[in-house]
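# Would you be able to build a 3D model of this:
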Amino acid sequence: KGLWKTEGVERCDGSPSIAGNAIVYGSCAAALHIFSTDDGHLIKEVEFDVDSQVAGGAAIYGDAAYVGAYSGRLFHVNLNSGKIIWTNEDSYSEIYELPAVNEDYVIFSSYDGSVYGLSRETGKKIWAHETDGLPMAPVIAGDKVVITTDGILMLLDLATGKEIWSYEISDMASSPALINGMIVVGADDGTITAFGNPAPTKE
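Have a look, this model is predicted:
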């Protein structure tokens, strides 16, 4: 049974995120839209510049949303006030993938082939790692960043962006997922591969 349906805004390609009683997503209207989970009414909209259409999802951390745009800009938005706290412009191309966020860092990938590590507080670039490919959505795992680019799975150091380890899976691979200490990745050949520490052998 349908409970409610929002008014249309513009074309939306990214998945919505949930923050408390709010549904958050961006659109080709170059804006971030915040709707109520109770009845679907529009709570507020945060407008970006006209070149910053949003095609990816918004990463939520507390009362903040972090979202990339077609312009190559990444925005930090306060969901309560609707104000843009900071904007990062280090990317040379579109940002379509979902960023990863923890207490100290915002990590995002760009169509310019690089993965960027920013200070969550200031939005300033701490590091950039060139992948020589098309990086997918990153995941923060402890003191590491897990990311795929084309068909290669990589681990980067969270503090410096330096590559720690890599493994070629296939020609193309999905964004990684983490579960029970494992990294799980899908590939274009139809396989799913899990990486992690093997279970101890019983003697």
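
# Would you work out how far apart the start and end of stretch 68-78 are?
Between the opening and closing residues of stretch 68-78 lies a distance of 15 Å (Cα to Cα, to the nearest Å).

# what's near enough to touch Cys120?
Quick fix: residue 120 is Arg, not Cys. Contacts for Arg120 (Cβ atoms under 8 Å, 6 or more residues apart in numbering) come out as Tyr61, His76, Val101, Asn102, Glu103, Asp104, Tyr105, Val106. (Glycine included, C-beta is placed from N, CA and C.)

# which among the residues you listed end up buried?
Neighbour counting with 16 or more other Cβ atoms under 10 Å marks Tyr61, His76, Val101, Tyr105, Val106 as buried within the contacts of Arg120.

# What's the separation between the closest residue to Pro135 other than its chain neighbours and His129?
Counting by Cβ to Cβ, 6 or more residues apart in numbering, Pro135 lies nearest to Ser109, which is 3.7 Å off, once chain neighbours are set aside. In this structure, Ser109 and His129 are 9 Å apart, going by Cβ to Cβ, to the nearest Å.

# Next: Asn180.
Distance check for Asn180 against His129: by Cβ to Cβ, it reads 27 Å.

# who has more neighbours, these two?
Neighbours were counted for Asn180 and for His129 using other Cβ atoms under 10 Å; His129 has more, 22 against 7.

# For the more buried one, pull up the helix or strand it's in.
In the assignment (DSSP states H and E), His129 maps to strand 125-130.

# And for the host helix or strand of Val67, what's in contact with it?
Using DSSP H and E, the secondary-structure element containing Val67 is strand 64-68. The set of residues external to strand 64-68 that reach it, using Cβ under 8 Å, 6+ apart, is 17, 19, 24, 26, 32, 54, 56-60, 74-79, 85, 91, 94-97, 99, 101, 106, 108, 110.
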